[in-house]
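1. Below is the sequence, then the predicted model.
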2 protein chains.
Amino acid sequence: MADFSIGVDLGGTNLRIAAVDQSGTLLEKIPLTTQVSRGRDYVMDEMCAAIRSLAARLQPSGKLLGIGVGVPGMVDQRTGYLRGCPNLPDWSDTPVRAEIERRLGTRVVFENDANAAAVGEMWLGAAREVRDLAIFTLGTGVGGGLIIDGKIHHGVIGMAGEFGHIMIDPNGFPCTCGTRGCLEQYASATAITCMAKSSSDPELVAAMKSDPGVSAKRVYELAMQGNSGAREIFDLVGESLGRAIAMVVNALNLPMIVIGGGVANGWEAFAPALFTELHKRSLVYMATESATRGDAAGNATVITRSQLGSDAGLYGAARLPMPL
Amino acid sequence: MADFSIGVDLGGTNLRIAAVDQSGTLLEKIPLTTQVSRGRDYVMDEMCAAIRSLAARLQPSGKLLGIGVGVPGMVDQRTGYLRGCPNLPDWSDTPVRAEIERRLGTRVVFENDANAAAVGEMWLGAAREVRDLAIFTLGTGVGGGLIIDGKIHHGVIGMAGEFGHIMIDPNGFPCTCGTRGCLEQYASATAITCMAKSSSDPELVAAMKSDPGVSAKRVYELAMQGNSGAREIFDLVGESLGRAIAMVVNALNLPMIVIGGGVANGWEAFAPALFTELHKRSLVYMATESATRGDAAGNATVITRSQLGSDAGLYGAARLPMPL
């Protein structure tokens, strides 16, 4: 007998659904593919059917505590509308929460996927010891989530944590949001691939000629093999992250910043430049370091990788409807 | 019969002490000068003597609820030490809170002056209707304060809200913190004076020749008279503020940002460039604007001037020891 909730990580590629009990034990996971091309109604029907059958299978042995759904876009918490979601284009500016609730006949906690990942890391991952944290999720884009005093900080309409649009360089790469120099254009998988494709470094150009399938992972491998062009790219990823984190640390003096998303797997390649830039740009980070030396009372700002990896958002989504 | 608290605004120039009752009525104000050159002990003795005599005068008609002191530096809330306080150089890295408490024989709430100003504005000023806000205080330096869910957000060691060190331009003016391009180097009174002194604009150079006493106020007056060099400086002040505010809005989606400190008196000169840059740099600001158009439910992000002006920190300091 284990009461459980159902978490959904609804991405542009994968649609993953999991039942998790209150201790964080995974009871069952359903990995689906998001059939974006078939349209919103199709995906929503498929997702809700899977949720219903999962609940029906498990309910004989425990109570369903609720349903949490994480999505890669800005969620207007007042209206339940999804906004700015390039991976699910026909979902934007539609009442997603209400549509899911109507299909399932029950209340659903609807959340930005980076906020869900932050909750996951605090529950079962890297941030179990803290009550305040920010997460940067480096994937196709760059997402962000913020927890203050144990609760997601949503802001007025649920759009807090847009760390992907922290300005790194006022005259930098143009961003989809209309301005220039946003972190997302430097530290996402898309940005890494794009920088590799437009690189003029002869060593990187040569390496890519023999291997036209460019991915952020491939650029990372080249960087770790010492390829100078690939290393330059990851230095820029790290420097940009260091700059953005410096601003969040200066503004919020948080005990922990978690780096998640697929690009976090490149930690070894970007972390050195990240810490160099963070030391340079954040007097608060430096002050917490010296405070830690002085009294060793856990005053440090810890910058660390996600522990749950790609499951952070899924576990977090499952945690959302559970009692605090 | 009115119970009261005593607030202190301890600056590098002025030492102001006030008794305020729980309705926010000023009972008595003692304006002193901070005799920095006489050293920390002298200033502390003078301040404590004034607090004691004020309390003694008022206590026949009401109970003293407590004492709050705001200072222009980073306050380590765990230790009560003051850090990074250029205006009170011999106070840095000393146990200021404990020293004041020892002299007065009672507990003291010790706070960064921008945090105190944020509390003041929420209590009696521009932010009476909100529970979340950030304040930028533009004075000799640029301070910042942050209130989330009605409480000062201190961060791990009390150093949150260092908005003066938000990076405006990675290769910009060097900052006292060791890096480059911090907001403080663009939007403080010191920065405005410095930019005016080093301006090569012929109109500003000519205006200043006839009037060697350069101050931020004088540059503002010239800007309002149409002087092109002075206008350029205030455009840069506004653009820099817009950029910094964009980052805070993107990260926190707050309902209100208050601009305080002496430079806020130049609002007419810098506000147009501020809003232009904010529109350009903050997708969250833009989203809250459109959300406001859609449902008119108070979702906007309001950027506004301080209402209490130079008294914000004093009233805020008095509010600190009162019950919530």
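-> Arrived safely, thanks for sending.
2. Can you name the residue of the stretch 201-324 of chain A nearest chain B?
-> residue A:253 (2.3 Å; Cβ to the nearest Cβ). (Glycine included, C-beta is placed from N, CA and C.)
3. Find me the pLDDT at residue A:324, would you?
-> pLDDT, residue A:324: 77.
4. what about it, distance to residue B:141?
-> To residue B:141, residue A:324 is 40 Å away according to Cβ to Cβ, to the nearest Å.
5. if you count what's nearby, which of these two comes out ahead?
-> residue B:141 (27 against 5; other Cβ atoms under 10 Å in any protein chain shown).
6. re earlier: wait, what's in contact with the closest residue to the residue of the stretch 201-324 of chain A closest to chain B other than its chain neighbours?
-> Nearest non-adjacent residue to residue A:253, counting by Cβ to Cβ, 6 or more residues apart in numbering or on different chains: residue B:155, 2.3 Å away. Residues in contact with residue B:155 (Cβ atoms under 8 Å, 6 or more residues apart in numbering or on different chains) are A:132, A:252-254, A:284, B:161.
7. out of the residues you listed, which are inside helices?
-> Taking DSSP state H, the ones among those that sit in helices are A:252, A:284.
8. ok, how many other residues are close to the residue of the stretch 201-324 of chain A closest to chain B?
-> Residue A:253 has 28 nearby residues by other Cβ under 10 Å.
9. Can you pull out the low-pLDDT segments for the stretch 151-300 of chain A?
-> A:291-298 (pLDDT under 70).
10. any chance you could map the helices in it?
-> For the stretch 151-300 of chain A, the helices defined by DSSP state H, counting those that start in this stretch cover A:184-187, A:189-197, A:202-209, A:216-224, A:228-252, A:267-281, A:283-295.
11. Start and end of stretch A:104-119, how far apart?
-> 24 Å (Cα to Cα, to the nearest Å).
12. Identify each buried residue in it, please.
-> Neighbour counts over stretch A:104-119 (16 or more other Cβ atoms under 10 Å in any protein chain shown) mark A:104, A:108-119 as buried.
13. which one of those residues sits closest to residue B:12?
-> Comparing these against residue B:12 with Cβ to Cβ places residue A:118 closest, at 39.7 Å.
14. Roughly how far does that closest one sit from residue A:177?
-> 22 Å.
15. Same check on residue A:144?
-> With Cβ to Cβ as the criterion, residue A:144 and residue A:177 are 13 Å apart.
16. Between those two, tell me which one has more neighbours.
-> Each of residue A:144 and residue A:177 has its neighbours counted (other Cβ under 10 Å); residue A:144 has more, 26 against 20.
17. what mean pLDDT does stretch A:60-69 have?
-> 95.
18. follow-up on the earlier one: among the buried residues of stretch A:104-119, which are located in helices?
-> The helices in this structure, assigned by DSSP H, contain A:104, A:113-119 from the buried residues of stretch A:104-119.
19. Report the two of those separated the most.
-> A:104 and A:118 (24.7 Å).
20. Give me the phi and psi angles of residue A:56.
-> Main-chain torsions, residue A:56, degrees, to the nearest 10: phi -60, psi -40.
21. Kindly report the same for residue A:121.
-> phi -70, psi -30.
22. Which single residue in the stretch 51-200 of chain A comes nearest to chain B?
-> residue A:155 (2.3 Å).
23. tell me the most buried of the helices of the stretch 151-300 of chain A?
-> helix A:184-187 (a mean of 28; mean count of other Cβ atoms under 10 Å in any protein chain shown).
24. Show me what from the stretch 51-200 of chain A comes close to chain B.
-> A:74, A:76, A:78-79, A:83-84, A:132, A:144, A:146, A:148-149, A:153-163, A:165-170, A:177-179 (Cβ under 8 Å from any Cβ of the partner chain).
25. May I see the ChimeraX selection of the buried members of those residues?
-> Selection of the buried residues among those in ChimeraX, burial being defined by 16+ other Cβ under 10 Å:
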select /A:74,76,79,83,84,132,144,146,148,153,154,155,156,157,158,159,160,161,162,163,165,166,167,168,169,170,177,179
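26. need the contact list for residue A:36.
-> Contacts of residue A:36 (Cβ under 8 Å, 6+ apart): A:12, A:43, A:87-89.
27. Mark which of the residues you listed are buried, thanks.
-> Buried among these by 16+ other Cβ under 10 Å: A:12, A:43, A:87-88.
28. ok, so of the residues you listed, who is nearest residue A:4?
-> Nearest to residue A:4 among those: residue A:43, at 23.4 Å, using Cβ to Cβ.
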